[in-house]
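Visitor: sharing a model prediction with you, sequence too.
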Amino acid sequence: MNFKVYGPYLLPRNERFVTNEKKKRQEFLNSLDEDVAGLSQACGCYVFLVGKKAWYVGMTGKNTFEKECFGAHKLNLYNRALQIKKSVPRLILIPGQTRKGKFTKPGKNGNKNIEMLERLLIGAALQHNKKLLNIRDAARLRKIRVPGFINTGQGGANAKAVRVFKTAIGL
């Protein structure tokens, strides 16, 4: 499955925090679809940014971006991040695409490719921001340590082996 990256899009706010006010949300969704036709109705992964860092990585395979990105739980996470880091809240959307280049539509069983991409994105985001707000998958990823790859610490690694390993996987 192919994915494309769109954004970052400024999220609607009231003062400092992200809002779900109907008018502002609709203006935001309209701006997405003006930028890329049908984007708000697609499904895939999304990354919530404050400043230049990811603070939450999400996915939707059973709903559209429109329905998923503005749920009460997501707004709470976005605004929690804004309490920690005062900056501009933005959203990157990464919709799946069919072989013909159309956006992937939600399905009742979700999408395994989207789920896999979300896990990969969470792992990458954790390396850049230890305060990432994801809970599912992130807790397990925080415990995995592989020298030169994820959660690297001091000691316990053969430096030559780590160099060869990193070259082998393209790091």
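Guide: Ah, there it is.

Visitor: partner residues bridging residue 6?
Guide: Taking DSSP bridges, one finds residue 93 as the beta-bridge partners of residue 6.

Visitor: what about it, how many residues nearby?
Guide: Look at residue 6: counted by other Cβ atoms under 10 Å, it has 18 neighbours. All C-beta spots, glycine's among them, are computed from the backbone N, C-alpha and C.

Visitor: what do you get for the one 3 residues further on?
Guide: As a burial measure, residue 9 scores 19 neighbours (other Cβ under 10 Å).

Visitor: how far away is it from residue 71?
Guide: For residue 9, the distance to residue 71 equals 17 Å [Cβ to Cβ, to the nearest Å].

Visitor: check residue 108 too.
Guide: 18 Å.

Visitor: and those two? Which one has more around it.
Guide: residue 71 (14 against 6).

Visitor: so how far is residue 158 from the more buried one?
Guide: From residue 71 to residue 158 the distance is 46 Å (Cβ to Cβ).

Visitor: nearest spatial neighbour of residue 128, skipping sequence neighbours?
Guide: residue 53 (6.0 Å; Cβ to Cβ, 6 or more residues apart in numbering).

Visitor: now for the one you found: which residues touch it?
Guide: 85, 128-129 (Cβ atoms under 8 Å, 6 or more residues apart in numbering).

Visitor: could I get the phi/psi values of it?
Guide: Main-chain torsions, residue 53, degrees, to the nearest 10: phi -110, psi 150.

Visitor: ok, now residue 137?
Guide: Torsion angles, degrees, to the nearest 10, at residue 137: phi 70, psi -40.

Visitor: contacting residues around it?
Guide: Shown in contact with residue 137 (Cβ under 8 Å, 6+ apart): 118-119, 122.

Visitor: so residue 98 makes contact with residue 113?
Guide: No - the criterion here is Cβ atoms under 8 Å, and residue 98 misses it with residue 113 at 11.5 Å.

Visitor: where along the protein do the helices fall?
Guide: Using DSSP state H, the helices of the chain run over 22-35, 65-68, 72-84, 112-128, 138-143, 159-168.

Visitor: list the buried residues in the longest one.
Guide: Looking back up the chat, that one is helix 112-128. Within helix 112-128, the residues scored as buried using 16 or more other Cβ atoms under 10 Å are 113-114, 117-119, 121-123, 125-126.
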